[in-house]
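1. Return atomic coordinates for the entry below.
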Amino acid sequence: EYMGAHSQSSWLIDWWNGLSYFGYRDSVVLNVSYCYLFKPDRFSMDPVSRAAKFIKGALHYRDLIVREQLAPETMAGQPVDMSMYKFLFNSCRVPQCPVDQYVTYDPTYYHHVVVICHQRLYCFEALVDGQQLTTSQLETQLRAIQNLSLGSGLGVGVGALSGGDRDTWAADREALLGVSELNRVALERLESAILVVCLDSVSPQTPTEAFREMWHGASKNRFYDKPLQFIVGANGESGLLGEHGMMDGTPTFHFTNWLLQELDAGHFQSTDTTKQPLAPPTELIFQIGDMHQRIEAVSEQLQGSVDAHDACVLKFAEFGKAAIKKCRVSPDAFCQMAFQLAYYRLTGQPGATYESCSTRNFLHGRTETIRSCSVESTAFCQAMQTPGVPGADRLALLKRAALSQSAYARDCGQGKGVDRHLLGLKLLRQEGDAPTPIFDDPAFGKSCYWYLSTSTIASEYFQAWGFGPVVPEGYGVAYMCNAQEISITVTSRRAGAPALAKAIKQALLDLRQLCMSTSKL
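-> Residues are numbered from 1 along each chain as shown. I've put the predicted structure just below:
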């Protein structure tokens, strides 16, 4: 009956959005949001130049969506569901109790961009008389914002409130609205903006430092509820922070990968000499009243959570996808087996593993769980840790585990995974229904306690990407298996991200050595 009532959509989508995202009451920072760290721009690392080109590319991409000219994505040659793209621009998550909401604004009417600089929020129109601003004009507006913010000093950092737990943020938002009508106007401008750009004053020096600026940064120079938030450091290190509610990573990945590819080809450069006068940027003024203490309290609480997490970006340059394929093992399965081996070595036991699989072959599809920890992967790990097991036997167990993972991944992509199906059955249970043994079995609960939460993309234009762990003792593992290198970002709640990253590196090397018995990597 439930599926029949949702025959024109996905039977899961409302449940999934509410349960996994909008009903989630902890802060989205560290827990839900994800980020990308871009590679340096070969033309210019000037932060204003980079930010202007990001905005210019976004305007072009948004225009493709609005005009319905964006080519559909495909998987295995088949087009996939594109419904998430309508939430890419001019959208925002809004805190409410007990379930958050998402708002979208008409992209044919709202054409402004919000910039956060020195804890102050500014906006300007990115289209004037129906024409997009040129990259040079965007630079002019951004430099004007820099000068305005420097002349005004640090702002109160009202955006930090969005980093609180969702119930607290909902109450704080209502309090803001109650202080002044100006706050309602300012929030509407912020939430309806095409996107947000954060111009930071810090200059991260290492990939891990840069990743952390993208992942959480300084809360007073952020607004965490926007699905697109470009972040540009004072030294040009740049990336994107994405709110996860209505979109999985694939739309933002395809957009930013396209954008960086265009920039690498020399497009959207600042070559225009137009002198058309522009309306100056305006500051979004918030009347804070007595809420300064609330801003400080939320900022300090979030910083405590930040300090309780660690992260490590591993740049593995010894080999990549091209070499792994010579071993006749799926590159993704190869990486997953390295994660299994690394975790097994650290803990002495296997750990339930979540690997995200897109189900956008189906209408309103989002994800399914590839259970990469299996009987086969455990047998492989045990053989690797047992002295005296012949290399040929270990290699055979590796290939068996890899084939099992690949087969499971194919099933998930075809809607044949188990986790979303079981979730639906669990949610259909009514009070007074007969017990369902599987849900009360301790083994079921243990199998869903994701010690390793993993996901992969592949881009030659990203340095790294990542997200947080989903259980206190667990790890977030985001990875890119590119042609000649593997980039892995490990996060944890002080469970030891550097230690797992080190173990993963050794596991990758050991798998290479194992495969060299038959195929030279």
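
2. from here on, contacts and neighbour counts on C-alpha atoms
-> OK.

3. so what's residue 113 bridging to?
-> residue 124 (DSSP bridges).

4. That one and residue 497: what is the separation?
-> Applying C-alpha to C-alpha, to the nearest Å, the value for residue 113 to residue 497 is 36 Å.

5. which residues touch residue 309?
-> Residue 309 makes contacts with 491-494, as judged by C-alpha atoms under 8 Å, 6 or more residues apart in numbering.

6. By residue count, tell me the biggest helix in this structure.
-> For the chain, the longest helix by residue count, based on DSSP state H, is helix 391-413.

7. low pLDDT regions in the stretch 151-300 of the chain?
-> 273-275 (pLDDT under 70).

8. again, 90 this time
-> Residues of the stretch 151-300 of the chain that meet the criterion pLDDT under 90 lie in 248, 269-277, 289.

9. Which stretches in it count as strands?
-> Using DSSP state E, counting those that start in this stretch, the strands of the stretch 151-300 of the chain run over residues 196-199, 229-232, 238-242, 282-283.

10. For residue 347, which of the ones you listed is the nearest?
-> strand 238-242 (31.7 Å; C-alpha to C-alpha).

11. Would you map the helices across the stretch 101-250 of the chain?
-> Here the stretch 101-250 of the chain has its helices, by DSSP state H, counting those that start in this stretch, at 135-152, 166-179, 181-192, 207-215, 249-264.

12. who's in contact with the fourth one?
-> When you say that, I think you mean helix 207-215. 29-30, 33-37, 204, 231, 237-241, 311-313, 463-467.

13. Swap in 7 Å and give it another go.
-> With C-alpha atoms under 7 Å, 6 or more residues apart in numbering as the test, helix 207-215 has contacts from 34-37, 204, 231, 237, 239-241, 311-313.

14. What of the first one?
-> By C-alpha under 7 Å, 6+ apart, the surrounding residues in contact with helix 135-152 are 48-49, 52-53, 56, 117-118, 120, 268-272, 281.

15. Export it to CSV, keeping only CA atoms.
-> C-alpha atoms of helix 135-152 as CSV (Å, rounded to 0.1, in the frame of the first residue of the first chain):
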residue,chain,number,x,y,z
THR,A,135,34.9,37.9,-14.5
SER,A,136,36.6,41.3,-14.3
GLN,A,137,33.4,42.9,-12.9
LEU,A,138,33.1,40.0,-10.3
GLU,A,139,36.6,40.7,-9.3
THR,A,140,35.7,44.4,-8.8
GLN,A,141,32.8,43.6,-6.6
LEU,A,142,34.9,41.1,-4.5
ARG,A,143,37.7,43.6,-4.0
ALA,A,144,35.2,46.2,-3.0
ILE,A,145,33.9,43.8,-0.3
GLN,A,146,37.5,43.2,0.9
ASN,A,147,38.0,46.9,1.3
LEU,A,148,34.6,47.4,3.0
SER,A,149,35.2,44.7,5.5
LEU,A,150,38.7,45.8,6.3
GLY,A,151,37.5,49.3,6.9
SER,A,152,34.7,48.1,9.1
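
16. ok, and the helix or strand in the chain with the lowest average confidence?
-> Lowest on mean pLDDT, DSSP states H and E among the helices and strands of the chain sits helix 2-5, with a mean of 66.

17. which parts of the helix or strand following that helix are buried?
-> On the C-terminal side of helix 2-5, the closest following helix or strand by DSSP states H and E is helix 13-16. By neighbour count with 16 or more other C-alpha atoms under 10 Å, helix 13-16 contains the buried residues 15-16.

18. So which of the contacts of residue 309 is the closest to residue 306?
-> residue 493 (8.9 Å).

19. And the longest helix of the chain, what does it pack against?
-> Identification of packing neighbours for helix 391-413 by 3 or more C-alpha pairs under 7 Å, 6 or more residues apart in numbering; DSSP states H and E yields helix 331-347, strand 353-358, strand 367-370, helix 375-385, helix 497-515.

20. from the chain's centre, how far out does it sit?
-> Chain-centre distance of helix 391-413: 28 Å, with C-alpha atoms, centre = their mean, to the nearest Å.

21. Name the residues of that helix that come out as buried.
-> Neighbour count says helix 391-413 has 394-395, 397-406, 408-409, 411-413 buried, by 16+ other C-alpha under 10 Å.

22. Okay, and the beta partners of the nearest residue to residue 420 once chain neighbours are set aside?
-> Distance criterion C-alpha to C-alpha, 6 or more residues apart in numbering; nearest residue to residue 420, sequence neighbours excluded, is residue 368 at 6.4 Å. Note on residue 368: beta-bridge partners by DSSP bridges are residue 357.

23. surely residue 368 meets residue 411?
-> No - taking C-alpha atoms under 7 Å as the definition, residue 368 is not a contact partner of residue 411, at 9.7 Å.

24. Identify the contacts common to these two.
-> Shared contacts of residue 368 and residue 411 (C-alpha under 7 Å, 6+ apart): residue 417.

25. Would you mind giving the secondary structure of the residue of the chain most remote from its centre?
-> Distance from the centre of the chain peaks at residue 388, with 42.5 Å (C-alpha atoms, centre = their mean). Classification of residue 388 using DSSP: H, G, I helix; E, B strand; the rest coil returns coil.

26. returning to that earlier point: inside strands: which ones of the contacts of residue 309?
-> Among these, the members found in strands (DSSP state E) are 491-492.
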